[in-house]
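In: 3D model of this:
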Amino acid sequence: MDDSDPANIRIIGTGVTSDSNNGYMGYYPGGYGSIYHSYWVRTTLTSPDGRTVTMDSYHSSSYTSAETSLPLIGGDNFDLGDYSVQTSHWTCCPFMAPNQFDGSRCQPSASSSIPITIGASISVLTKAAMSNTYTILAYCPVHCPVERLITSNDQGQYILCVVPWVYLFGNYQCSRVSINYRTTGPSIVLMFPDKCPSLGYRFR
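Out: Numbers count the residues shown, from 1 in each chain. Next up is the predicted model:
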């Protein structure tokens with residue numbers, strides 16, 4: 001997850017191909033000498049709602065990567081659930097027979113697929129009297145709570161702070177930013193525990 005721009009949080013999928021033992025001595029048209037393989041990788045990222053993006057890397061004789069991304073918010077809603085990152089890794093050789101896909105002298109050599117679970121924690125905060133300091137309600141058992149927030153101006157008695165998270169390899173990784181909304185009360189937490197629909201007016 002890339003949250004460096006809080007207004008455009010993105011889910012990232014990257015494929016990498018690396019090989020440090022990629023050359024050999026052999027004959028080629030015009031003489032005898034070193035012959036090197038090259039490699040490239042294709043990465044496809046698919047969201048729970050079916051949005052998808054594919055990126056091909058450049059060709060390299062040792063290391064290459066292809067990074068894809070999708071915005072966390074698709075339309076007016078958070079696109080939460082299992083994202084799929086699929087990669088296909090290609091090896092190219094000047095003496096390889098042309099393949100059936102595009103006629104290049106490259107063949108797929110490996111592939112991978114992993115799921116990445118994306119969720120969001122909703123904290124309900126309430127304002128102290130005559131201040132713009134908000135603190136979390138006493139009972140708000142979410143993975144990534146926001147304990148305290150100071151706003152630049154009055155946003156009403158209650159606000160909702162949405163913190164996206166990534167669950168991968170048994171661990172939760174919370175975003176460093178929260179997406180904040182005005183609300184009229186805490187009841188929405190009972191309706192949507194640790195899920196995030198469109199919440200209304202976003203102020204930060």
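
In: Would you map out the domains in this structure?
Out: By the record's domain assignment, the chain is partitioned as 10-117, 119-191 (automatic domain parsing).

In: any chance of those in JSON lines, plus mean pLDDT?
Out: Below are those laid out as JSON lines (pLDDT from 0 to 100):
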{"stretch": "domain 10-117", "mean pLDDT": "86"}
{"stretch": "domain 119-191", "mean pLDDT": "85"}
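
In: Tell me which of these lies nearest to Asp3.
Out: domain 119-191 (4.6 Å; C-beta to C-beta). From N, CA and C alone the C-beta is placed, and that goes for glycine too.

In: sorry, back to before: mind putting the domains of the chain in JSON lines, mean neighbour count included?
Out: Output for the domains of the chain, formatted as JSON lines (neighbours: other C-beta atoms under 10 Å):
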{"stretch": "domain 10-117", "mean neighbour count": "15"}
{"stretch": "domain 119-191", "mean neighbour count": "16"}
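
In: could I get the ones you listed as JSON lines with distance to Met1?
Out: Compiled in JSON lines, the domains of the chain are given as follows (distance: least, C-beta to C-beta, whole Å):
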{"stretch": "domain 10-117", "distance to Met1": "6"}
{"stretch": "domain 119-191", "distance to Met1": "5"}
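
In: Select the longest strand from this protein.
Out: Longest strand of the chain, by residue count under DSSP state E: strand 106-127.

In: The helix or strand that it is followed by pairs with which strands, parallel or anti?
Out: Sequence order places strand 133-136 as the next helix or strand after strand 106-127, per DSSP states H and E. In the sheet, strand 133-136 lines up against strand 106-127 (antiparallel), strand 148-150 (antiparallel) (DSSP bridges).

In: How about residues contacting strand 133-136?
Out: Residues from elsewhere that reach strand 133-136 (C-beta atoms under 8 Å, 6 or more residues apart in numbering): 123-128, 145-151, 155, 159.

In: Which parts of the protein are helices?
Out: 187-191 (DSSP state H).

In: And the closest residue to Tyr58 other than its chain neighbours, how far from Ser104?
Out: Excluding its sequence neighbours, the residue lying closest to Tyr58 (C-beta to C-beta, 6 or more residues apart in numbering) is Thr64, at 5.9 Å. Per C-beta to C-beta, to the nearest Å, Thr64 is found 15 Å from Ser104.

In: doesn't Gly50 make contact with Gly74?
Out: No: using C-beta atoms under 8 Å, Gly74 is not in contact with Gly50; the gap is 9.5 Å.

In: quick one: contacts for Ser18?
Out: Per C-beta under 8 Å, 6+ apart, neighbours of Ser18: 39, 62-64.

In: Dump these into TSV; add distance to Ala110 as well.
Out: What follows is those, written out as TSV (distance: C-beta to C-beta, whole Å):
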residue	distance to Ala110
Tyr39	10
Ser62	16
Tyr63	15
Thr64	13
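
In: Closest one of those residues to Arg10?
Out: Nearest to Arg10 among the contacts of Ser18: Thr64, at 21.5 Å, using C-beta to C-beta.

In: That closest one: what's it in contact with?
Out: Applying C-beta under 8 Å, 6+ apart, the residues contacting Thr64 are 16-18, 39-41, 57-58.

In: Phi, psi for the closest residue to Val177 other than its chain neighbours please.
Out: Computed as C-beta to C-beta, 6+ apart, the closest residue to Val177 that is not its neighbour in sequence is Pro6, at 4.3 Å. Backbone torsions of Pro6, given as degrees, to the nearest 10, read phi -60, psi -20.
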